[in-house]
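Trainee: how would this look folded up:
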Amino acid sequence: MGGEDEPAHHVEGPSPSLAMKTPADRSVSNTGFFDSVARFYDPLGFSNTMATRRIFRQNLRLLSLPLRGRILDIGCGTGSHALYLARRGFSVWGVDSSPSMIARARAKARGTTVQFAVADALEGLPHDEASFDLVLCAMVLHGHTPESRRVFLREARRVSRGLVLVQDWRPFPGMTGVDAPLFRFLELLERSEYASFIRHGEEEMRGEFASVTVMPVHGDICWYVCRSVR
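Mentor: You can find the predicted model right below:
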């Protein structure tokens, strides 16, 4: 990974994709919850982190990313995925709306060229259009309302060079299991939208991108490979 790459410049003013954002959308990111669990996040999510690394090892080549390509990880948490991708030779940036998560990510990134910043896709990201060869959103979208998901996807598309990778729950059209106690418990903790995402997430992505390829990659986790035409 090349340290000579400089981060993209800050965007002056809100992007067009944010014009219809409502105050309710701003609260959905639930920054307070993730600030409160930041110190426990790595041990609690260890198995998921290891699973995602296996997924990357097995499937990343399918994206045909350029050597030392630029990657933005939106909702990067404590930076585990971003740091792993940097070790694979990519130039990586990570953003998260939780200051506590970013503080831990920066501590883990000492001695690397990975750059982390506090930023929220719903508020507008500090990067120019078409700044990244890949924009990654790993297990993030299910935590947002349908309205916020659309804003999020448009902002991810804006800063990408045409490739956005959503790693999240696989679609279960009409499945009653989304009302199971586990999903309801997780929704309560994160104030998230698991059931809505599982039912409608793929359709929403198809409404924002020219093509969406759904790839099962691990258990109930899928890659949604979203491509736009510029």
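Trainee: quick one, strands of this structure?
Mentor: 70-74, 91-96, 115-118, 134-138, 163-169, 211-218, 221-227 (DSSP state E).
Trainee: Could you dump the ones you listed into CSV and include mean neighbour count?
Mentor: Where you see a C-beta, it was placed from the backbone N, CA and C, and this is true even at glycine. Formatted as CSV, the strands of the chain follow (neighbours: other CB atoms under 10 Å):
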stretch, mean neighbour count
strand 70-74, 26
strand 91-96, 27
strand 115-118, 18
strand 134-138, 25
strand 163-169, 23
strand 211-218, 14
strand 221-227, 20
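Trainee: okay if I get those as TSV plus mean pLDDT and distance to Gly201?
Mentor: Shown next, in TSV, are the strands of the chain (pLDDT from 0 to 100; distance: least, CB to CB, whole Å):
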stretch	mean pLDDT	distance to Gly201
strand 70-74	98	15
strand 91-96	98	20
strand 115-118	98	26
strand 134-138	97	11
strand 163-169	96	7
strand 211-218	95	10
strand 221-227	97	8
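Trainee: Out of those, which is closest to Tyr84?
Mentor: strand 91-96 (9.1 Å; CB to CB).
Trainee: got any ranges where this protein has weak pLDDT?
Mentor: Across the chain, the ranges flagged by pLDDT under 70 are 1-29, 33-36, 38, 173-192, 230.
Trainee: returning to that earlier point: to Leu125, which of the strands of the chain lies closest?
Mentor: Using CB to CB, the strands of the chain put strand 91-96 closest to Leu125, at 6.3 Å.
Trainee: No further questions, thank you.
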